[in-house]
Structures are given as structure tokens and as C-alpha cells.
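# Return atomic coordinates for the entry below.
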Amino acid sequence: MLDRFRVTGRSLVVAVLTAALTTAGLAAPAPAGAAVTRAQLALRWAPIHYQDVDATGSHALNGRSDYITKVDFDGDLNGRNNWDRTGQAGVSLAAHAYYSVVETGTHWYLTYLFFHPRDWTDHPFFETEHENDGEGVLLVVERDGSDYGLLRAAVTVAHTDFYSYTPSGSTWTSGREGVDGTLQLQSSPHDGFAHPVTAQEAKGHGLKAYPQYNINGDGIVYYPSTVAETPSSGDDRDVRYQLIDIFATGGLWAQRANTTLFASAGTFAGDDSGDCGAGTYDCSTNSANAPWGWDDGNDLPARGQLATDPAKVAAEYFTIPGALSRTYTANPYTS
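Purely as a prediction, here's the structure:
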């Protein structure tokens with residue numbers, strides 16, 4: 001298997017292999033003895049992601065409204081034109097997801113954001129829609145001395161609620177919050193790694209561990225990669241998505257005070273222009289959040305702490321045997 005390939009004393013061979021795998025959209029392994037970068041760690045554990053798709057009604061755009069993409073898919077960082085731009089000809093909805101890595105001496109905390117330009121509905125009563133949608137998952141990986149660590153738990157964001165999961169064999173159990181299910185792992189055909197499997201519903205895009213949400217009819221299966229593909233249709237079961245570092249130069253965190261993208265701290269700007277809300281109950285404004293704005297109003301962690309203080313979330317959500325450090329060795333959210 002390529003992901004287990006190791007080279008000793010041949011840096012040129014490693015460089016060539018890494019370049020070839022990256023060009024092919026595959027995850028390149030870390031050379032023996034080399035420290036794994038945050039980007040490699042994020043790619044290794046990035047979810048295989050099942051996205052349900054609904055093509056009903058004009059707001060669905062034949063399913064395109066359920067595609068994951070980046071916030072500047074339309075070429076700008078204006079959050080208030082994304083609803084309209086989603087349906088324009090020539091606009092790319094290539095698959096992307098955002099990530100951040102926070103570290104302590106005992107664990108890595110990997111946050112993934114899946115962005116949709118529309119949170120939509122085809123119902124005329126009781127349900128609202130809004131411009132922009134950001135939901136995601138926190139993965140907790142124990143630093144056990146191996147290159148990529150040991151996956152212990154996940155907490156997902158479904159609207160204004162969090163859901164917690166553990167993979168089979170995890171020693172972590174329920175804490176203040178009960179574990180909501182098993183986090184399944186699935187081998188990717190693009191890198192050979194076993195990745196956690198998540199899923200989002202159509203329209204509102206709540207995110208849970210697969211199969212608590214699943215594809216119902218049409219849908220897309222997204223695989224983590226180093227390239228961004230656009231689904232061939234709303235029923236494409238092999239689409240690669242590219243990761244974007246939240247802390248990249250000029251990235252989401254750097255733009256957090258940009259009032260064209262964010263209406264307030266951690267909340268994407270979104271208005272009710274165009275046909276948002278037409279034929280439905282309402283179109284709400286400024287209704288989507290970045291990870292530092294995620295909140296579960298019924299639970300103890302404060303707004304944004306799923307991303308900014310994930311060790312606190314882990315300690316409250318789970319009963320954890322062994323050590324769990326609360327001291328961050330790297331946390332760009334607070335630096």
C-alpha cells in the first residue's frame with residue numbers, strides 16, 4: 001500500500017513520490033522519522049462525507065444547492081451575494097472543506113467546516129431558509145506516538161445541537177453528554193486510509209455521523225484529497241474535495257473582521273435578497289456560523305468553544321481514561 005511506503009536515506013525519492021501523489025490527488029505518507037505536518041494530519045483524518053441531495057423546487061438548482069464548496073466560490077468574499085451567485089452560469093461549485101488543528105501535549109483536535117451557499121427549503125409553511133450555511137465536526141485524536149495518532153471521538157454540528165460519537169474500540173464513554181452513536185470508518189479508494197464517515201442532510205445540512213444521516217435517493221460521496229472536483233450531477237458517488245486551512249494567509253480566520261463576509265463575530269453575513277424566502281415561510285439574515293461561532297444552547301460549552309477550546313468540550317462530553325491535557329501547545333484561535 002502506498003500509504004505505508006517508507007524510504008530511508010533517499011530524500012530525493014521521497015520528494016518525487018510526494019509530488020507524484022499530490023499531483024494525483026492522493027495523500028502522501030510522511031517519511032519515516034519525519035514530523036507529520038498539520039496539513040497531513042488534517043488530510044489523514046478528514047471525513048469521507050455523504051451528502052444527501054434534493055432537486056425539488058427552484059431553490060434546489062437541480063441539486064446544486066446541496067453541493068459543498070468554499071466561501072469565495074464566486075470569486076469574492078462577499079457573503080451577501082452567495083445565494084444569487086449559486087445559480088449563475090459559469091460559477092464553480094468545486095468541492096472544498098475547511099479545517100483547523102489545535103494541539104495539546106496529549107491530543108490533536110481537528111475541526112472541519114463544510115460550507116454551502118444556501119440553506120434552503122421547498123416547503124411554503126413553517127420552515128425558513130437563509131443565505132450561507134456552515135456546519136461541521138470536531139475529531140479528537142490521541143497522540144499515541146504513531147505518525148497520525150489514534151482517533152478517539154467526534155462531536156458534530158447539526159443546526160443548533162451537537163452530537164457526540166466514538167469509533168468502535170474507543171475507550172472513551174459518555175460524560176456529561178451521552179454518546180449518540182458509533183463513528184464508522186471507511187477506507188478511501190484515493191489513499192487507502194480508513195477515514196471517519198460523516199453525512200449531511202439535504203436542504204438544512206445538519207451533520208451527523210453516518211448513517212444517522214444518509215443519502216436518500218440522489219446524493220454525493222465526497223472523499224478527502226488534494227484536488228477539488230465538481231460533481232457531475234446531484235448523484236455522483238465519487239467526488240474528491242480539497243482542504244483549506246482556516247488559518248491560511250488571507251483565510252477565514254484572517255477575514256474574521258471583514259464585514260462583507262461576517263456580520264458579527266463568527267457569524268457569516270447573509271441577507272434576504274433575490275428569491276431567498278420566496279414561496280417559503282421566510283428568509284432569515286445572518287444565520288450561518290463559522291466554527292468559532294458554533295453553539296449548542298443546551299450544553300455547557302460556550303459559543304465557539306468546539307473549535308477554540310476543544311479540550312474543554314472533550315472533557316465535558318466524555319469520560320476519558322488516562323491523561324487529557326487542557327494546556328494548548330498550539331492554538332491559533334487564541335494567539
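# What values do phi and psi take at the closest residue to Arg44 other than its chain neighbours?
Leaving aside its sequence neighbours, Arg44 sits nearest to Tyr148 (Cβ to Cβ, 6 or more residues apart in numbering; 4.7 Å). No exception for glycine: its C-beta is placed from N, CA and C like everyone else's. Per-residue torsions, Tyr148: phi -110, psi 0 (degrees, to the nearest 10).
# now do Thr111
According to degrees, to the nearest 10, Thr111 has phi -110, psi 130.
# partners of it in the sheet?
Bridge pairing for Thr111 (DSSP bridges) gives the partners Ser100, Leu138.
# Just the pLDDT at it, thanks.
We have a pLDDT of 99 for Thr111.
# what's the burial count for it?
Close neighbours of Thr111, defined as other Cβ atoms under 10 Å, add up to 25.
# Next, the contact list for it, please.
Counting by Cβ atoms under 8 Å, 6 or more residues apart in numbering, Thr111 makes contact with 99-102, 136-139, 246, 291, 306-307, 310.
# Between those residues, which sits nearest Phe268?
Proximity of the contacts of Thr111 to Phe268 (Cβ to Cβ) peaks at Pro291, which lies at 11.5 Å.
# So what's the residue count around the residue nearest to Gly87 when sequence neighbours are not counted?
Residue nearest to Gly87 in three dimensions, not counting chain neighbours: Leu61, with 5.0 Å by Cβ to Cβ, 6+ apart. Applying other Cβ under 10 Å, we find 19 residues neighbouring Leu61.
# So Leu61: helix, strand or coil?
Look at Leu61: counting by DSSP: H, G, I helix; E, B strand; the rest coil, its state is helix.
# didn't it look like it was pressed against Gln88?
No - using Cβ atoms under 8 Å, Leu61 is not in contact with Gln88; the gap is 10.0 Å.
# Can you check which residues contact both of those two?
In contact with both Leu61 and Gln88: no residue, using Cβ under 8 Å, 6+ apart.
# Next up, the contacts around the residue nearest to Gly87.
Leu61 neighbours (Cβ under 8 Å, 6+ apart): 86-87, 118.
# who wins for neighbours among these?
For the contacts of Leu61, the largest number of neighbours (other Cβ under 10 Å) sits with Arg118, at 27 neighbours.
# Identify the nearest residue to that one in space, disregarding sequence-adjacent positions?
Nearest to Arg118 is Ser65, by Cβ to Cβ, 6+ apart, at 4.4 Å.
# do Ala209 as well
Computed as Cβ to Cβ, 6+ apart, the closest residue to Ala209 that is not its neighbour in sequence is Tyr165, at 4.4 Å.
# what residues are up against the one you found?
The contact partners of Tyr165, by Cβ under 8 Å, 6+ apart, come to 153-156, 179-183, 209.
# what's the farthest-apart pair in those?
Greatest spatial distance in the contacts of Tyr165: Val155 and Thr182, 14.1 Å, computed using Cβ to Cβ.
# If you count surrounding residues, which of those two has more?
Neighbours per residue, other Cβ under 10 Å: of Val155 and Thr182, the larger number sits with Val155, 27 against 14.
# Regarding the more buried one, what is its secondary structure?
Following three-state DSSP, the label given to Val155 is strand.
# That one against Leu306, yeah?
Yes - using Cβ under 8 Å, Val155 is in contact with Leu306, at 6.3 Å.
# shared neighbours, those two?
Contacts common to Val155 and Leu306, judged by Cβ under 8 Å, 6+ apart, are 138, 162, 313.
# Could you report the neighbour count for the second one?
Residue crowding around Phe162 was assessed by other Cβ under 10 Å; the count is 22.
# that older thread, tell me which residues touch the residue nearest to Arg44, please.
Taking Cβ under 8 Å, 6+ apart, one finds 36, 41, 44-45, 141 in contact with Tyr148.
# Quick check: of these, which lies closest to Tyr281?
For the contacts of Tyr148, the nearest to Tyr281 is Trp45 (38.3 Å; Cβ to Cβ).
# residue contacts, the closest one?
Counting by Cβ under 8 Å, 6+ apart, Trp45 touches 110, 139, 141, 148, 151, 195-196.
# Kindly provide the distance from the residue nearest to Arg44 to Val157.
Separation of Tyr148 from Val157 (Cβ to Cβ, to the nearest Å): 24 Å.
# Then Asp238?
Distance, Asp238 to Val157, using Cβ to Cβ: 25 Å.
# out of the two, which sits in the more crowded spot?
Under the criterion of other Cβ under 10 Å, the comparison of Asp238 against Val157 puts Val157 first, with 28 against 13.
# ok, what's across the strand from the more buried one?
Val157 forms beta bridges with Phe162, as assigned by DSSP bridges.
# what pLDDT does it get?
Reading off the confidence values, Val157 has pLDDT 98.
# ok, now Cys283?
pLDDT, read off for Cys283, is 97.
# Contact partners for Ala158?
So Ala158 contacts 135, 206-208 (Cβ under 8 Å, 6+ apart).
# swap that for Gly136, please
The neighbourhood of Gly136, defined by Cβ under 8 Å, 6+ apart, consists of 98, 111-114, 156-157, 207, 291, 294.
# Looking at those residues, spot the one nearest His49.
Phe114 (6.8 Å).
# secondary structure element for the closest one?
Phe114 belongs to strand 107-119 when assigned by DSSP states H and E.
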